[in-house]
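**Student:** for reference, the sequence and a predicted model appear below.
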Amino acid sequence: MMNNFTFTIKSIAFDENYQPADNTRITTNFANLARGASRQQNLRKTLAMINRRFNDLAQWDNATADRYAVQLDIISVDINIEDKDHSFPAIEVLKTSMIDRKTKQRIEGIVGNNFSSYVRDYDFSVVLLEHNKNQSKFSIPDDFGELHGKLFQCFVSSQEYRHHFNKPPVICLSVSDNKTYHRTGNQHPVLGIEYQPDDSSLTEQYFKKMGLNVRYFMPAQSAAPLAFYFFGDLLNDYSNLELIGTISTMETFQKIYRPEIYNAHAAAGASYRPNLKNPEHAPTDIVYDREERSRLAVEQGRFAQEHFIKPHQSLLEQWAAQYSFSAGPFSQASFSPASFSPIQRAIA
């Protein structure tokens, strides 16, 4: 099989001094918060919310609810095309780490969490819109998301990924507002109560092409379930503290971005339909431009089309036709801590 791609991985701290890089998708949750007159206040409040939520969930041996502090790194992945002097900002995700103030130890968390991709913008804001232009009934192209899915699989199964990360990624998203979710009898000590949707969503289908399974859980004191996308076994492959790092981080972002769902006054019941027009919620005082996020998705999709898809279309089509993915590289043995190598931080 042809091997036309390599990946460059960089990291920058997401803290109160964070400023987005020039090639960061500006609609990404963390980048949206870090712009404008309120940027530093936004970042301080967001990080404080994450820490409070983490300590609320990690309550054992934590009587004063301040034992842990969460540290976040933004992981930027450039895809490098072989034999061409060209790279493209393919993916940005978050990596959590926890500082245990009692033992003075740093605990590695999960990579993934938030997920940002220009090619996904291209699929949803260019391909899908053009496919349904002047159509009376909405439909999805047969190959929708296949290139993006294979690029993601190629990255996660790459030597570059395994060199930097000791476990497969977990991506945590909000629930869909056009599906109904039903409470099951399954309950996890950290993830909480499991829910199941009445139907598969387009997001589920898209992430399935990335090789990811999905389960929905509502942690204790949460208002709504979160969608956890993962390889392997979500409940057994990660420690309680690793899972709490993801929950506290992504629930905080969702409270800011979708307070109608995740900061609702009433928690989800046995049967739950998310409502983005729910008036019974408490907005945070953190400034977040949702209108800009929606508007710029199309611009970012066009950017991917002009700078990645069009210039390399023939190569991408040929590579995707030949690429095959095996779940084999995702065993825990292949992500042994001994192979973990810290990422060199980029200079902001």
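**Tutor:** Noted; the coordinates are in hand.
**Student:** these two touch, right, Tyr272 and Thr180?
**Tutor:** Yes: look at Tyr272 against Thr180 with CB atoms under 8 Å: they come within range, at 6.9 Å. For glycine as for every other residue, the C-beta is placed from the backbone atoms N, C-alpha and C.
**Student:** neighbour-wise, which of those two wins?
**Tutor:** Ranked by neighbour count (other CB atoms under 10 Å), Tyr272 and Thr180 place Tyr272 first, with 22 against 15.
**Student:** can you give me the strands in the stretch 1-150 of the chain?
**Tutor:** Counting by DSSP state E, counting those that start in this stretch, the stretch 1-150 of the chain has strands at residues 5-14, 68-81, 87-100, 105-116.
**Student:** which parts of the stretch 101-250 of the chain are helices?
**Tutor:** 118-122, 128-131, 146-156, 159-164, 202-208, 234-237, 240-257 (DSSP state H, counting those that start in this stretch).
**Student:** returning to that earlier point: Serialize the strands of the stretch 1-150 of the chain to JSON lines and add fields for mean pLDDT, distance to Gln300 and mean neighbour count.
**Tutor:** Output for the strands of the stretch 1-150 of the chain, formatted as JSON lines (pLDDT from 0 to 100; distance: least, CB to CB, whole Å; neighbours: other CB atoms under 10 Å):
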{"stretch": "strand 5-14", "mean pLDDT": "91", "distance to Gln300": "20", "mean neighbour count": "18"}
{"stretch": "strand 68-81", "mean pLDDT": "94", "distance to Gln300": "15", "mean neighbour count": "20"}
{"stretch": "strand 87-100", "mean pLDDT": "93", "distance to Gln300": "10", "mean neighbour count": "21"}
{"stretch": "strand 105-116", "mean pLDDT": "95", "distance to Gln300": "10", "mean neighbour count": "21"}
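**Student:** turn those into TSV, including distance to Phe165.
**Tutor:** Converted to TSV, the strands of the stretch 1-150 of the chain look like this (distance: least, CB to CB, whole Å):
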stretch	distance to Phe165
strand 5-14	9
strand 68-81	9
strand 87-100	8
strand 105-116	5
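**Student:** Lys208: which of those is closest?
**Tutor:** strand 105-116 (14.2 Å; CB to CB).
**Student:** what is that closest one packed up against?
**Tutor:** strand 68-81, strand 87-100, strand 170-174, helix 240-257 (3 or more CB pairs under 8 Å, 6 or more residues apart in numbering; DSSP states H and E).
**Student:** one more time with 7 Å, if that's ok
**Tutor:** strand 87-100, strand 170-174, helix 240-257 (3 or more CB pairs under 7 Å, 6 or more residues apart in numbering; DSSP states H and E).
**Student:** among those, which comes closest to Arg53?
**Tutor:** helix 240-257 (3.9 Å).
**Student:** contacts for that closest one, please.
**Tutor:** 29, 46, 49-50, 53-54, 57-58, 70, 72, 94, 96, 98, 107, 109-110, 113-114, 170, 172, 174, 190-191, 219, 222, 226, 262-263, 284, 286, 288, 290 (CB atoms under 7 Å, 6 or more residues apart in numbering).
**Student:** just the pLDDT for Asp22.
**Tutor:** pLDDT, Asp22: 62.
**Student:** and what of the one 10 residues further on?
**Tutor:** The predicted local confidence for Asn32 comes out at a pLDDT of 67.
**Student:** also Gln322?
**Tutor:** 89.
**Student:** and it, how many neighbours does it have?
**Tutor:** Residues near Gln322, counting by other CB under 10 Å: 11.
**Student:** can you tell me the centre-most residue of the chain?
**Tutor:** Asn114 (2.4 Å; CA atoms, centre = their mean).
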